[in-house]
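# Sharing a sequence plus its predicted fold:
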Amino acid sequence: MAVRYRKYFGVCKPMQCTGRRSRQCPETPRRTNGAYKTCGTWCIEFFDDQKQWQSLTFKDIRNKTDAEKRLTLFISDRERGQLKLPKKKSIPTLAEYAKTYLELHKGAKENTLAVKRRAVGVLVKYLGEHPLDKITPFIIEKYRIQRKEQDMVKDSCINVDIAILSHLYATAISEGVIDVNPCQKVKRLKVTQIKDRTLSGDEIAAIMDMPEAKDRLMILTALFTGMRLNEVLNLTWDDIDFSKGIIHVFQGKTSKTFDIPLSDCLRTALEAFRTHPAGSRVFEVKEITHKAVVEYSKHFSRLFKDMGITGFTFHNLRHTFASLMQSDLGIGAVTVMGMTGHSSLGMLQKYSHTGLAAKQTAIKALNSHVITTGRNVNLAVGQ
């Protein structure tokens, strides 16, 4: 039983320490007055009344003398059977804290909350019984191997799981539940970037030849605007200004609002489809939930597959829009970003509303390109 000066720096533990700074000590930050911060603290060590070894530190113990006084008091209390040790902080398991974590973030956007629930569900399945302070980088690495070998999931999905786990730990640290985030020592898995799937000329012609119906119009809306599926589903007739030839887009993902010029082809298709009263949504009257968006996405994936457009999803229409604009038509990146709402080149993005003329030129060029491509393919087939 004794008092000991416990160092915070692992590199100097083997060294004899008197509690004073010397030239062998590692560099520590200085205070504003120029003095060095202490690199450790005094602790007391003794056997409790259950003959268990205790090593305790206290904020109010400032030197060896204070530590020896505190040790004497603890030994005296032990001999009299009145030893009252400070209670150790109870650390919840991952399964227990996961409920708190999801409850704290229940106000997140629907898509974000759905991702968190999915990831947390899988993490609890594999690591739920571990207390938060017992999950180590080694255990996390073992989890990644199990996910890859047993569940056959992609590295990108595993990276999302670890990102959610890291955010869970960050939340726990901010609440004072735990002090260390083990995910900080876990490197992300390298993910090979695959070129986004875009429509070919034949596939564009096939879409243009589709029957006049809601599916075709939704596809054309995404193809001529670059809007995401949930943005297309939330589009209302009030968002479309036919007199000015503009579609007002609100991005739920980034909470941005911007304008996209209305192409002649899309204007004609929308005017032919306009049978609903002003204020209502163009394509869906029911509430647009995450589940509804997923069902629509599956529907269009099947539709494209039946048309012979394999490996293509509704979201790929957004990639096609950006690709045609930049690669085929040579439209500048800043103008395209002003229509897709991407956050890159953020300083320029906030001025995108001043480039409406450039956007209109781009949409006209896209309109001509799509129509011409469809006609040329059809003529070639007819010959």
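Yes, it's here.

# any idea where the helices of the chain begin and end?
Taking DSSP state H, the helices of the chain run over residues 64-79, 94-104, 110-127, 137-149, 155-174, 201-208, 214-225, 229-233, 264-273, 290-306, 316-323, 333-340, 346-349, 356-382.

# Tabulate those helices in TSV, adding columns for mean neighbour count.
To be clear about C-beta, it is placed using only N, CA and C from the backbone, and glycine gets the same treatment. Converted to TSV, these look like this (neighbours: other C-beta atoms under 10 Å):
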stretch	mean neighbour count
helix 64-79	15
helix 94-104	17
helix 110-127	17
helix 137-149	15
helix 155-174	18
helix 201-208	18
helix 214-225	20
helix 229-233	21
helix 264-273	16
helix 290-306	15
helix 316-323	21
helix 333-340	20
helix 346-349	11
helix 356-382	16
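
# Let's have the ones you listed in CSV, adding mean pLDDT.
What follows is the helices of the chain, written out as CSV (pLDDT from 0 to 100):
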stretch, mean pLDDT
helix 64-79, 87
helix 94-104, 94
helix 110-127, 92
helix 137-149, 94
helix 155-174, 93
helix 201-208, 89
helix 214-225, 92
helix 229-233, 91
helix 264-273, 89
helix 290-306, 91
helix 316-323, 85
helix 333-340, 68
helix 346-349, 37
helix 356-382, 76
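
# Out of the ones you listed, which gets nearest to Ile247?
helix 214-225 (6.1 Å; C-beta to C-beta).

# Which strands or helices does that closest one pack on?
helix 201-208, helix 229-233, helix 264-273, helix 290-306, helix 316-323, helix 356-382 (3 or more C-beta pairs under 8 Å, 6 or more residues apart in numbering; DSSP states H and E).

# For Lys244, which of the ones you listed is the nearest?
Nearest to Lys244 among the helices and strands packed on helix 214-225 is helix 356-382 (9.6 Å), distances taken as C-beta to C-beta.

# for the closest one, packing partners?
The contact analysis (3+ C-beta pairs under 8 Å, 6+ apart) places helix 356-382 against helix 201-208, helix 214-225, strand 256-261, helix 264-273, helix 333-340.

# Can you add distance to Asp239 and give the ones you listed back as JSON lines?
Below are the helices and strands packed on helix 356-382 laid out as JSON lines (distance: least, C-beta to C-beta, whole Å):
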{"stretch": "helix 201-208", "distance to Asp239": "23"}
{"stretch": "helix 214-225", "distance to Asp239": "11"}
{"stretch": "strand 256-261", "distance to Asp239": "10"}
{"stretch": "helix 264-273", "distance to Asp239": "11"}
{"stretch": "helix 333-340", "distance to Asp239": "15"}
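
# Please identify which of the ones you listed is closest to Lys187.
Going by C-beta to C-beta, the one of the helices and strands packed on helix 356-382 nearest Lys187 is helix 333-340, 30.6 Å.

# what's the closest of the helices of the chain to Asp49?
Across the helices of the chain, the minimum distance to Asp49, taken as C-beta to C-beta, is reached by helix 64-79, at 5.2 Å.

# Fine by me, we can end here.
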